[in-house]
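Novice: Sequence first, then the predicted structure, then my questions.
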Amino acid sequence: MRYRTLGKTGIEISEISLGCEGFLGDTPEHTKEIIDEAIKSGINAIDVYSSDPEMRRNIAAALGDRRKDFIIGSHLCAVWTGDQYMNTKDLELTKRGFEDMLTDFGTDYIDIGMIHLVDSDKTWNEVLDNGVLDYAEELKKEGKIRHIGFSSHNPKVALKAVETGRFEVMLFCVNPCYDLQPASENVADIWADEAYEGHLTNMDPDRKKLYERCEEMDIAITVMKCYAGGDLLDASVSPAGAALTPVQCISYSLTRPSVRAVMLGIRSKEQLHEALAYETASDEEKDYATALATFPRISWEGHCMYCGHCAPCPVGIDVASVTRLMNLAKAKGSVSETVSEHYKELSAHAGDCIQCGACESRCPFSVSSVANMAEAAEMFGY
């Protein structure tokens, strides 16, 4: 298992981690079986959005005395009332819900306190006006949560939250179909069949800006819906009109800017091992770009996917990394010190480009990489 630093938290998180969907309605015995297998494989984190007390208690029992070595991200504002889940931004309900959370998990702290579903301007304003974010910061000062995050499906609203500088982690839906959809306050829009009836072209600019801003601010992205709820794995229901493998989906998500881990809702050992195959997969098995280039309903023409097909460069330029750093600088409107340092550390730079076009001949998306290198050389000065 490979581990990545979870942004400014400093936590080392397994790049493949767990979501909680597979444990909803599950037995204590099967929950423990999956968690034992996950830990044995090197997985060290779980995101628990649901407030279901039985599921939380099953997870806590499965972890046992291993809890101190396991990262739990759990959601404020997801509460249990009337024997069912409820999403709320009411401060008193949120406070009671947090105490229930600690009781259910049998712990006195949560590693990452996630403010749940910041999907609209209304909910974002409620998080601020109702004192929910202030409460999360109080919990952090008291040591009851170690770090603060939030979850969202809406890139415009998520960017507002990110730019406050008050969050360290964002849980966001990342996959090659949802990434083409524009922001909407109706979550269902990103997976609605009618959203894919036309021929879609290139990543939504608000999503691109959000990912790049997170990287520039060192806010870690953890990924939900990596498989688009399983639809991307089945050509008959895939929004793109074709299927990807679990390894290709994971590879796509993990190569997006600022992404540190995918949180997968695992329901069986078979599904767990299909995901873990990513850790030992060949470059050919991880290659999502060739597949995406053939999707009948979607086109990424001219858009760099950071997939690495452009390599090798005869003079040693990491064309994908140079392009990514250039895009980060363009998103910010200037070359930050961090971006400048990362660029300096590259073994070859855009100014070394001999304009041979070898990179362009291998690109599945017809990216004008030679022009990008010229632009980057002008931007960085070498």
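Specialist: The structure has been received and is ready for your questions. Numbering: from 1, shown residues only.

Novice: Just after the least confident helix or strand in the chain by mean pLDDT, pick out the following helix or strand.
Specialist: When each helix and strand of the chain is scored by mean pLDDT, DSSP states H and E, strand 200-201 comes last, with a mean of 72. Using DSSP states H and E, the helix or strand that directly follows strand 200-201 along the chain is helix 205-217.

Novice: Could I get the buried residue list for that next one?
Specialist: Buried positions in helix 205-217, judged by neighbour count with 16 or more other Cβ atoms under 10 Å: 206, 207, 208, 209, 210, 211, 212, 213, 214, 215, 216, 217. The C-beta positions use only the backbone N, C-alpha and C, and glycine is treated the same way.

Novice: Go ahead and confirm the last one touches residue 162.
Specialist: The reference is to residue 217. Yes - Residue 217 is in contact with residue 162 according to Cβ atoms under 8 Å; the separation is 6.6 Å.

Novice: Just want to check the distance between the closest residue to residue 198 other than its chain neighbours and residue 200.
Specialist: In this structure, residue 198 finds its nearest non-sequential neighbour in residue 297, 7.9 Å apart by Cβ to Cβ, 6 or more residues apart in numbering. Using Cβ to Cβ, to the nearest Å, we find residue 297 at a distance of 7 Å from residue 200.

Novice: Then residue 177?
Specialist: 8 Å.

Novice: Centre-most residue in the chain?
Specialist: residue 223 (2.7 Å; Cα atoms, centre = their mean).

Novice: Kindly confirm my reading that it is in a strand.
Specialist: Yes - counting by DSSP: H, G, I helix; E, B strand; the rest coil, residue 223 is part of a strand.

Novice: Any idea what it is bridged to?
Specialist: residue 172, residue 262 (DSSP bridges).

Novice: Check whether it really touches residue 255, as I assumed.
Specialist: No - applying Cβ under 8 Å, one finds residue 223 not in contact with residue 255, separated by 11.3 Å.

Novice: where's residue 221 relative to residue 170, distance?
Specialist: For residue 221, the distance to residue 170 - Cβ to Cβ - is 5 Å.

Novice: Now residue 55. Nearest residue, chain neighbours left out?
Specialist: residue 23 (5.1 Å).

Novice: Could you give the number of residues near that neighbour?
Specialist: 27 (other Cβ atoms under 10 Å).

Novice: pretty sure it is touching residue 31, no?
Specialist: Yes - the pair residue 23 / residue 31 is scored as a contact, 5.2 Å apart, by Cβ under 8 Å.

Novice: overlap in contacts of the two?
Specialist: 55, 58, 59 (Cβ atoms under 8 Å, 6 or more residues apart in numbering).

Novice: Most neighbours among those, please name it.
Specialist: residue 59 (26 neighbours).

Novice: Give me the buried positions along the longest strand seen in the chain.
Specialist: For the chain, the strand with the greatest residue count under DSSP state E is strand 145-152. For strand 145-152, a neighbour-count test (16+ other Cβ under 10 Å) marks 145, 146, 147, 148, 149, 150, 151, 152 as buried.

Novice: How much space separates the first one from residue 321?
Specialist: The one in question is residue 145. 34 Å.

Novice: where along the stretch 51-200 of the chain do the helices fall?
Specialist: 53-63, 91-105, 121-129, 132-142, 155-162 (DSSP state H, counting those that start in this stretch).

Novice: Can you work out which other helices and strands pack against the shortest one?
Specialist: Applying 3 or more Cβ pairs under 8 Å, 6 or more residues apart in numbering; DSSP states H and E, one finds that helix 155-162 contacts helix 121-129, strand 145-152, strand 169-173, helix 205-217.

Novice: Equivalent analysis for the longest one, please.
Specialist: For helix 91-105, the helices and strands in contact under the criterion 3+ Cβ pairs under 8 Å, 6+ apart are helix 53-63, strand 71-76, strand 78-81, strand 110-115, helix 132-142.
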